[in-house]
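> Would you be able to build a 3D model of this:
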Amino acid sequence: MRYIVGYTANERGRDALNLAAVLARSQDAELDLVMVDPVHSPYTAVYPPESGYRDLLEEQLEQWLSEGLSLVPEDVPAAGYIRNADSDAAGLINAAAELKAGLIVVGAASNGIFKRYTVGSVANALLHAAPVPVALAPHGYSRTGALTRITCAVGNRRGSEDVLETAVQTAARSGLPLRLVSLVALDSPSGDEKAVLEAGLHAQDRLARAQELAAGRCPVTAVVASGRTIDTEELCMMTSRSPRYYVSAAYWDRDSLLWAFPAIVEADGNYARELLLSIFQRQGRNFGIHSRYIDGTVLEPALNWMNCAPRRLPWNATLPSPAIRAFCKRKSSGRGWRALWKN
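A predicted model of the protein is given here:
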């Protein structure tokens with residue numbers, strides 16, 4: 001078994017290398033560190049290509065690759081390769097096909113809300129085009145110990161059966177315990193009992209299938225995990241989730257506070273209070289700016305008068321709600337209200 005490591009001479013490359021080494025130990029695999037050298041193109045930084053520039057680049061890549069190989073633990077077999085390709089993703093996919101690798105490991109981008117786990121452009125391209133599984137190392141991954149368990153999220157979408165089969169094969173190869181997780185997102189703290197019940201039935205069905213595939217080669221269990229969201233309990237507001245909208249999963253004061261928030265107040269005052277707290281913490285520093293990411297970072301840096309107008313609305317809209325009135329008396333919310341009414 002061979003694993004491709006998309007190596008770069010930075011923290012992301014070291015994260016990928018650390019994860020690959022842990023996986024290789026548990027699966028008795030060999031590592032192939034691959035660095036991609038961009039092909040000659042009119043769109044590269046230096047064109048027409050100069051011999052001196054190419055020589056310096058190749059020498060630098062060789063040096064980085066050598067440094068990467070020196071970081072591989074002594075008990076893990078590893079080799080290094082430099083491949084020419086139009087993109088990093090294409091180079092890694094071609095290397096995986098050439099070397100008959102069973103996995104591609106890359107590091108996560110570090111520009112997410114929590115600076116921990118974000119799918120960057122290379123990982124996104126691999127996830128859509130790679131013919132083999134892709135492992136994404138979290139930002140700052142430094143674990144060196146052996147794996148103790150494999151977890152597989154099960155669902156009903158196309159490809160879910162392939163995910164289950166791959167998880168079973170991986171666990172059975174090393175004898176590691178396999179845990180199946182059926183995820184259900186709940187729309188309210190009280191939960192949706194029907195959704196939880198259906199998730200439990202689905203988990204049991206997948207458990208039976210996994211045990212059949214494992215044939216006793218590894219222990220298999222199944223659990224149901226529930227929460228407001230699939231990946232985190234953090235609450236946030238966004239304007240649109242539709243890929244047809246020109247900016248999806250972004251935030252506007254007008255859309256959120258003027259159009260959506262009054263209805264939320266009427267439906268659930270306590271939930272509205274939590275939303276306001278989230279808005280103050282994430283968006284308060286940039287009220288009035290045309291659009292922002294859901295973490296408050298400016299997306300389109302321009303003052304928009306339509307986003308300034310709703311600032312006075314939430315107070316009048318929330319007066320009927322005792323939960324909101326109690327929230328407004330808290331010291332932690334004072335700064336947010338002052339920001340809303342600041343001229």
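
> drop to CA atoms for contacts and neighbour counts, all remaining ones
Fine.

> Tell me which stretches of the chain form helices.
Applying DSSP state H to the chain gives helices spanning 11-27, 51-70, 88-99, 121-129, 160-174, 193-214, 253, 261-267, 269-283, 305-308, 313-318, 322-328, 331-341.

> Can you say which of these is packed in most?
helix 253 (a mean of 27; mean count of other C-alpha atoms under 10 Å).

> Reformat the helices of the chain as a markdown table; add distance to Thr148.
Shown next, in a markdown table, are the helices of the chain (distance: least, C-alpha to C-alpha, whole Å):
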| stretch | distance to Thr148 |
| --- | --- |
| helix 11-27 | 9 |
| helix 51-70 | 26 |
| helix 88-99 | 27 |
| helix 121-129 | 25 |
| helix 160-174 | 10 |
| helix 193-214 | 17 |
| helix 253 | 46 |
| helix 261-267 | 44 |
| helix 269-283 | 36 |
| helix 305-308 | 50 |
| helix 313-318 | 50 |
| helix 322-328 | 44 |
| helix 331-341 | 42 |
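
> Out of those, which is closest to Pro138?
Checking those against Pro138 by C-alpha to C-alpha gives helix 11-27 as the closest, at 7.0 Å.

> now the closest one and helix 160-174, what's the angle there?
With axes from the mean of the first three to the mean of the last three C-alpha atoms, to 10 degrees as the basis, helix 11-27 and helix 160-174 are set at 60 degrees to each other.

> May I have helix 11-27 exported as PDB, CA atoms only?
Provided in PDB are the C-alpha atoms of helix 11-27 (Å, rounded to 0.1, in the frame of the first residue of the first chain):
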ATOM      1  CA  GLU A  11       3.000  24.200   8.100                       C
ATOM      2  CA  ARG A  12       0.300  22.800   5.800                       C
ATOM      3  CA  GLY A  13       2.800  20.400   4.300                       C
ATOM      4  CA  ARG A  14       4.100  19.300   7.700                       C
ATOM      5  CA  ASP A  15       0.500  18.700   8.800                       C
ATOM      6  CA  ALA A  16      -0.100  16.400   5.900                       C
ATOM      7  CA  LEU A  17       3.200  14.600   6.500                       C
ATOM      8  CA  ASN A  18       2.400  14.000  10.200                       C
ATOM      9  CA  LEU A  19      -1.000  12.600   9.400                       C
ATOM     10  CA  ALA A  20       0.300  10.400   6.600                       C
ATOM     11  CA  ALA A  21       3.000   9.000   8.900                       C
ATOM     12  CA  VAL A  22       0.400   8.000  11.500                       C
ATOM     13  CA  LEU A  23      -1.800   6.400   8.800                       C
ATOM     14  CA  ALA A  24       1.100   4.600   7.200                       C
ATOM     15  CA  ARG A  25       2.100   3.100  10.500                       C
ATOM     16  CA  SER A  26      -1.400   1.700  11.200                       C
ATOM     17  CA  GLN A  27      -1.800   0.400   7.600                       C
END
